[in-house]
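# Requesting a structural model of the entry that follows:
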Amino acid sequence: MASPSLAREIGLFGATMLVMGGIVGSGIFMNPYVVARQVETPVLVLAAWAFGGLVALAGAFVYAELAALRPAVGGQYAYLREAYGPRVAFLYGWVLLLVTQSGGMAAVAVTFARYLGELVPLAVPEAAVAVLALATLTAVNCLGVRAGNDVQALLMVLKTVAILGLVAVGFLAFGGERVTLRPALDRPPSLGLLAAFGAALVPVLFAYGGWQTSGFVMGELKRPERDMPRALLLGVSGVVVLYLSVNVVCLRALGAPGLAASSAPASDVMRLALGERGARLIAVGIAISTLGFLAQGILTAPRVYYAMARDGVFFERVGRLDPRSRVPVLAIALQGAVAAVIALSGRYEQILNYVVSVDFIAMGLTGAALFVYRGRGEAGAFRAPGHPWTTAFFVLSCWAVVAATIHRYPGDSVIGLSILALGLPAYHLWTRPAGSSPAGSPERARGAR
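Down below sits the predicted model:
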């Protein structure tokens, strides 16, 4: 009896919702104040979010071409494997499971529980609610990729409605007198201003991150070479518009000083416009948004662990598909379990501090991989506009975030990099003997095209 294969169930709309769902969590509802504390004029605040959008679009160009070149299961994992070798790809999957994906999901799951607790009384601790949310989404995704993608797409549509509702209320309830063009700068042009703008970009770029995870499910797209590049460009562009709109609304309602003083700007905007009813409405939107982010993570990330197992560098059983649902059930359960353990440990916020430097190292390497593929003379159906300049802009932006994070949080960065380094002995433990032919090798990936 033939072994089951991944089911190609996801079309362009589903892929676009995956791109947007990987970006939009709870950050856009709260992060604007972090940026406003670094740069104190509306012009600089909006410039930071616009610049971050340009970086995200440049990254989308790169990943769109890589998706057309390598429509293989695992997305970024596959791009790194075939550009730099299996060791680098394994290290990416290693930190994805232990730090970047699981830590982020744990923090968002607890955020969901907190907002749910504001809406309805909870009879159990927040951590238990977070684990229940993770377990429910894990179970849904074990039913099949269509079930998981349908739930994720529905939640993405609902949180888009919530953001558009916030924007509509903000434009109707507040005038634009607080969004002034003068003064454009909060201090004279100097290295201090440049440093402040750079510090503002770190949370902006982190808020724009996540679109790269959509490529993990390349093996389950109906037309991966065509649909994933389109989904990346549509999804990232849509999020840039949403994020800029939210910041304009926050500035219209609160002004730059008020935005910097508010740790929950979206709630404050809705409270000013509609009273406590408005604050409760946006709390519903944030709860839905966090749940949608979890749904996207549970759907996408396990495909990396599946690809690693197929390559012979992870537990063999993780690389098996359920014959009925045709999804990697054990990989999905593993992702949910690790995120749940971190949520219960209460250390998710600390782990998040390790994420930025490690995550952007991988993104920078992936951007540089396009130079490797182009150097080999490979050409796909999609070509990144403006390459090599847009690609270099994206790579250098990623390295700048890594450098800024290490400079600003040296202790946390050392821990994150140490976890990354621990992947080297783990890789050698899992490496197959010489002469074996891993199931996910480049030859297999090319043959699947």
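# just the helices in the stretch 201-350 of the chain please.
Listed in chain order, the helices of the stretch 201-350 of the chain (DSSP state H, counting those that start in this stretch) span 224-261, 265-274, 276-300, 302-310, 329-345, 348-375.
# One more: the stretch 1-150 of the chain?
Per DSSP H, counting those that start in this stretch, the stretch 1-150 of the chain carries helices over the ranges 12-23, 27-30, 32-38, 42-69, 76-84, 86-95, 101-119, 126-142, 145-173.
# name the helices or strands packed onto the third one?
Using 3 or more Cβ pairs under 8 Å, 6 or more residues apart in numbering; DSSP states H and E as the contact definition, the elements that helix 32-38 packs against are helix 42-69, helix 191-208, helix 224-261. The way it works is simple: take the backbone N, C-alpha and C, and place the C-beta from them, glycine included.
# Tell me which of those helices is the most buried.
Comparing these by mean neighbour count (mean count of other Cβ atoms under 10 Å), helix 42-69 ranks first with a mean of 23.
# returning to what we had before: and residue 334, which of the helices and strands packed on helix 32-38 is closest to it?
helix 224-261 (24.2 Å; Cβ to Cβ).
# residues contacting the residue nearest the centre of the chain?
Compute the mean C-alpha point of the chain, and by Cα atoms, centre = their mean the closest residue is residue 210, 1.5 Å away. With contact set as Cβ atoms under 8 Å, 6 or more residues apart in numbering, residue 210 has these partners: 22, 23, 25, 293, 296.
# follow-up on the earlier one: give me whichever of the helices of the stretch 201-350 of the chain is most buried.
helix 302-310 (a mean of 28).
# what angle sits between that helix and helix 329-345?
120 degrees (axes from the mean of the first three to the mean of the last three Cα atoms, to 10 degrees).
# so where is this protein shaky, pLDDT-wise?
Applying pLDDT under 70 to the chain picks out residues 1-2, 347-354, 432-449.
# now residue 263, nearest residue through space, not along the chain?
Nearest residue to residue 263 in three dimensions, chain neighbours excluded: residue 33, at 5.9 Å (Cβ to Cβ, 6 or more residues apart in numbering).
# distance of that neighbour from residue 260?
6 Å (Cβ to Cβ, to the nearest Å).
# before we move on, what about residue 422?
In terms of Cβ to Cβ, residue 422 sits 39 Å off from residue 260.
# Residue 226 now?
44 Å.
# Over to residue 361?
According to Cβ to Cβ, residue 361 stands 30 Å off from residue 260.
# and if you look at residue 382?
Separation of residue 382 from residue 260 (Cβ to Cβ): 41 Å.
# what's residue 61 in contact with, if anything?
233, 384, 385, 386, 387, 390, 391, 394.
# 7 Å instead, please
Contacts for residue 61 (Cβ atoms under 7 Å, 6 or more residues apart in numbering) come out as 384, 385, 390.
# Find the nearest non-adjacent residue to it, please.
residue 384 (4.0 Å).
# now do residue 193
In space, and not counting its chain neighbours, residue 193 is closest to residue 187: 5.3 Å by Cβ to Cβ, 6+ apart.
# count of neighbours near that neighbour?
13 (other Cβ atoms under 10 Å).
# Looks to me like it is in a strand.
No - secondary structure assignment (DSSP: H, G, I helix; E, B strand; the rest coil) places residue 187 in coil, not in a strand.
# Which phi and psi values does it adopt?
Taking degrees, to the nearest 10, you get phi -160, psi 160 for the backbone angles of residue 187.
# these two touch, right, it and residue 194?
No - when contacts are counted by Cβ atoms under 7 Å, residue 187 is not listed as touching residue 194 (10.5 Å).
# Name the residues that touch stretch 23-43?
Stretch 23-43 has contacts (Cβ under 7 Å, 6+ apart) with 45, 48, 108, 111, 159, 179-181, 183-186, 196-197, 199-200, 203-204, 207-208, 210-211, 239, 243, 246-247, 250-251, 256, 259-260, 262-266, 286, 289-290, 293.
# cool, and stretch 96-115?
Under Cβ under 7 Å, 6+ apart, the answer for stretch 96-115 is 25-26, 126-127, 129-130, 133-134, 283, 286-287, 290-291, 293-294, 297, 301, 304-305, 335, 338-339, 342-343, 348-349, 351-352, 354-355, 358-359, 416, 419.
# cutoff 8 Å now
25-26, 122, 126-127, 129-131, 133-134, 213, 283, 286-287, 290-291, 293-294, 297-298, 301, 304-305, 334-335, 338-340, 342-343, 348-349, 351-352, 354-355, 358-359, 416, 419.
# Sort out which residues of that stretch are buried, please.
96-115 (16 or more other Cβ atoms under 10 Å).
# Now that stretch - C-alpha only, PDB.
Presented in PDB, the C-alpha positions along stretch 96-115 are these (Å, rounded to 0.1, in the frame of the first residue of the first chain):
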ATOM      1  CA  LEU A  96      12.000  27.500  15.500                       C
ATOM      2  CA  LEU A  97      10.800  24.700  17.800                       C
ATOM      3  CA  LEU A  98      12.600  25.700  21.000                       C
ATOM      4  CA  VAL A  99      12.500  29.500  20.800                       C
ATOM      5  CA  THR A 100      11.000  31.600  18.000                       C
ATOM      6  CA  GLN A 101       7.700  29.800  17.100                       C
ATOM      7  CA  SER A 102       6.900  28.100  20.400                       C
ATOM      8  CA  GLY A 103       7.900  31.000  22.600                       C
ATOM      9  CA  GLY A 104       5.900  33.400  20.500                       C
ATOM     10  CA  MET A 105       2.800  31.100  20.400                       C
ATOM     11  CA  ALA A 106       3.000  30.700  24.200                       C
ATOM     12  CA  ALA A 107       3.000  34.400  24.800                       C
ATOM     13  CA  VAL A 108       0.200  35.000  22.400                       C
ATOM     14  CA  ALA A 109      -1.900  32.200  23.900                       C
ATOM     15  CA  VAL A 110      -1.600  33.800  27.300                       C
ATOM     16  CA  THR A 111      -2.500  37.200  25.800                       C
ATOM     17  CA  PHE A 112      -5.600  35.600  24.400                       C
ATOM     18  CA  ALA A 113      -6.500  34.200  27.900                       C
ATOM     19  CA  ARG A 114      -6.000  37.700  29.400                       C
ATOM     20  CA  TYR A 115      -8.300  39.400  26.900                       C
END
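# distance between that stretch and the chain's centre?
On the basis of Cα atoms, centre = their mean, to the nearest Å, stretch 96-115 sits 12 Å off its chain's mean C-alpha point.
# Next: stretch 107-120.
Per Cα atoms, centre = their mean, the centroid offset for stretch 107-120 relative to its chain is 20 Å.
# before we move on, back to that, who wins for proximity to residue 172 among the helices and strands packed on helix 32-38?
Relative to residue 172, the nearest member of the helices and strands packed on helix 32-38 by Cβ to Cβ is helix 224-261, separated by 10.1 Å.
# any idea of the angle the closest one forms with helix 191-208?
Going by the same axes, to 10 degrees, helix 224-261 makes 130 degrees with helix 191-208.
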